[in-house]
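Participant: quick one, what's the 3D model for this:
(chains A, B and C)
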Amino acid sequence: MTSAASRFADLYAAVGQHYARQVQFLDGGKFEEYAATFTEDGEFQHTPGVTPARTPAGIVAELHAFHERFADDPVQRRHWFNMIDLSPREDGDFDAVFYALVLTVRPGVKEPQVGPSCLVRDVLEITDGSVRNRSRRVEHDQHVQHLQHASR
Amino acid sequence: MTSAASRFADLYAAVGQHYARQVQFLDGGKFEEYAATFTEDGEFQHTPGVTPARTPAGIVAELHAFHERFADDPVQRRHWFNMIDLSPREDGDFDAVFYALVLTVRPGVKEPQVGPSCLVRDVLEITDGSVRNRSRRVEHDQHVQHLQHASR
Amino acid sequence: MTSAASRFADLYAAVGQHYARQVQFLDGGKFEEYAATFTEDGEFQHTPGVTPARTPAGIVAELHAFHERFADDPVQRRHWFNMIDLSPREDGDFDAVFYALVLTVRPGVKEPQVGPSCLVRDVLEITDGSVRNRSRRVEHDQHVQHLQHASR
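Facilitator: Residues are numbered from 1 along each chain as shown, chains lettered A, B, ... in the order given. Got it, this is the predicted structure:
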């Protein structure tokens, strides 16, 4: 293999680790730590059409507001990311396009609620093995007007 | 770590990226692009007992035929691959054996239909970080006459 | 990227491959092979509060006892691991904290039973690309007294 292949492996592993820590922060309610995985001018749009949250402080505020809805309904959410397509951008950053699935577990209930299923589009800054999100945009599969038979 | 370990990391990352792009082509209805991830004499058998589709052109035709069933029922399907066991073959190619799960999302419905769960057996050609499928055989877990308690 | 990044990529790929083989052993009923992925003094605790199984022989015995429950109910189980957070420990081993989801497929039923969703805490011994579990502790999300809104 070439050194280009080794470099890709370095990037791919760093991105995998980045996402693992990121979702464990999010699902553990560690919103400041989650927000710190974004750049200082980072943007996070969890629902299309909604104005993105900006900066780590703005992302923390958005997450606290979002989770107010669970205040009387304790759940353990788990974000699963998979099928990560990582490619370089012309500006030196990276595009990562991947699938996400949210599982919601209620106390005493073995079978989690499954969904939504999403497509996530991240722009990542990767420097010396350190990865941060410049932006994240989430599309919910159930909202996309998708006609698979007509897609070509 | 040895250079053998580095080489394995290169291969494993390249295979992860290959599958990410492959399923995003498939789930996006880009059947020609999906078929191009197979070798010129590639074989794709999505159901045991069915004659495999052969060559990229044959795979495209098979996929169009398969998706006709969704013509009046628009859905967003998502193929999740995971737990990839990658090992070298004596002929210089690689075996990849992994789990697959299909999620089917209908417009306006947050909770996807889950299943089938499958075991996939690929033979991969890997050259300079470029990965293509020589073959793919899919076993559906609900069809396998499996008796877990008697498996040894 | 630095050589530290390359070393991390080597470790991350080796761990991914370790887990792929491990779950395929487990789900294929190859309990001796599964147990051999643990060190000689390895500990496996699949349910909190239960005394961990110790040594490969003890793990095999535990797995046979656990699977007796399926003796009259043949199923294909699939363990999915994801979002692996891998970090070095001071003692030279590695912590791996990740999500696990169990799918249970019954003959003729396309849609698997989903759950439980778990958080798994492994300690891994990694030497020259060879990975073994020193210990595994599994927490079931439906049993954790988690109050997400109060987590900070």
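Participant: switch to C-alpha atoms for all contacts and neighbour counts from now on
Facilitator: Will do.
Participant: in three-state terms, label the nearest residue to A:Arg78 once chain neighbours are set aside for me.
Facilitator: In this structure, A:Arg78 finds its nearest non-sequential neighbour in A:Leu103, 5.0 Å apart by Cα to Cα, 6 or more residues apart in numbering or on different chains. The local conformation at A:Leu103, judged by DSSP: H, G, I helix; E, B strand; the rest coil, is strand.
Participant: pretty sure A:Leu103 is in contact with A:Val114, am I right?
Facilitator: Yes: if you go by Cα atoms under 8 Å, A:Leu103 and A:Val114 touch, sitting 4.9 Å apart.
Participant: not counting sequence-adjacent ones, nearest residue to A:Arg106?
Facilitator: A:Val75 (4.9 Å).
Participant: flag every residue of chain A that's near chain C.
Facilitator: Contacts of chain A with chain C, taken as Cα under 8 Å from any Cα of the partner chain, map to A:6-7, A:9-10, A:12-14, A:16-17, A:19-21, A:23, A:28-30, A:67-68, A:70-71, A:74-76, A:78, A:80-81, A:105-112, A:127-129.
Participant: show me those that map onto strands.
Facilitator: A:76, A:78, A:80-81, A:105, A:127 (DSSP state E).
Participant: which of the residues you listed sit farthest apart?
Facilitator: The span of those, defined through Cα to Cα, is set by A:Val105 and A:Thr127 at 35.7 Å.
Participant: of these two, which one has the most company?
Facilitator: A:Val105 (26 against 11; other Cα atoms under 10 Å in any protein chain shown).
Participant: give the contact list for the more buried one.
Facilitator: Counting by Cα atoms under 8 Å, 6 or more residues apart in numbering or on different chains, A:Val105 touches A:75-77, A:111-113, C:117, C:141-142.
Participant: mind redoing it with 10 Å?
Facilitator: With contacts defined as Cα atoms under 10 Å, 6 or more residues apart in numbering or on different chains, A:Val105 is in contact with A:74-78, A:111-114, C:115-118, C:140-144.
Participant: so of those residues, which ones are in helices?
Facilitator: Counting by DSSP state H, these place none of their members in helices.
Participant: which parts of chain A are helices?
Facilitator: Going by DSSP H, chain A shows helices at A:3-27, A:31-35, A:55-67.
Participant: of all the ones in strands among the residues of chain A next to chain C, which comes closest to chain B?
Facilitator: A:Phe81 (9.8 Å; Cα to the nearest Cα).
Participant: so where's chain A uncertain?
Facilitator: The model of chain A has pLDDT under 70 over residues A:1-2, A:145-152.
Participant: could you redo the last one with a cut-off of 90?
Facilitator: Within chain A, the stretches with pLDDT under 90 are A:1-6, A:46-50, A:66-74, A:128-129, A:144-152.
Participant: return a PyMOL selection command for the buried portion of the residues of chain A next to chain C.
Facilitator: Buried residues within the residues of chain A next to chain C, by 16 or more other Cα atoms under 10 Å in any protein chain shown, are selected in PyMOL with:
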select buried, chain A and resi 6+7+9+10+12+13+14+16+17+19+20+21+23+28+29+30+74+75+76+78+80+81+105+106+107+110+111+112+129
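Participant: and A:Glu90, how close does it get to C:Pro107?
Facilitator: Distance of A:Glu90 to C:Pro107, given as Cα to Cα, to the nearest Å: 50 Å.
Participant: and A:Phe25, by the same measure?
Facilitator: Applying Cα to Cα to A:Phe25 and C:Pro107 gives a distance of 38 Å.
Participant: A:Val114 too?
Facilitator: When A:Val114 is compared with C:Pro107 (using Cα to Cα), they lie 22 Å apart.
Participant: A:Glu111 now?
Facilitator: 19 Å.
Participant: A:Val102 - how many residues pack around it?
Facilitator: With other Cα under 10 Å as criterion, A:Val102 counts 18.
Participant: quick check: it touching A:Leu119?
Facilitator: No: between A:Val102 and A:Leu119 there is no contact under Cα atoms under 10 Å: 11.6 Å.
Participant: residues that sit against both of the two, list them.
Facilitator: Contacts common to A:Val102 and A:Leu119, judged by Cα under 10 Å, 6+ apart, are A:Phe81.
Participant: who are the contact partners of A:Arg21?
Facilitator: A:33-34, A:37, C:83-86, C:97-98.
Participant: and if you look at A:Gly115?
Facilitator: Contacts of A:Gly115 (Cα under 10 Å, 6+ apart): A:79, A:100-104, A:140-142, B:103, B:105, B:109-114.
Participant: what about the closest residue to A:Ala96 other than its chain neighbours, how many neighbours?
Facilitator: Once flanking residues are discounted, A:Ala96 sits nearest to A:Leu86: 4.5 Å by Cα to Cα, 6+ apart. Neighbourhood size, A:Leu86 [other Cα under 10 Å]: 22.
Participant: A:Leu86 touches A:Phe8, doesn't it?
Facilitator: Yes: in this structure, A:Leu86 is within contact of A:Phe8 by Cα under 10 Å, at 9.1 Å.
Participant: the spatially closest residue to A:Gly42 that is not a sequence neighbour and chain C: what is the separation?
Facilitator: By the measure of Cα to Cα, 6+ apart, the closest residue to A:Gly42 outside its immediate chain neighbours is A:Arg134, 4.5 Å from it. Per Cα to the nearest Cα, to the nearest Å, A:Arg134 is found 20 Å from chain C.
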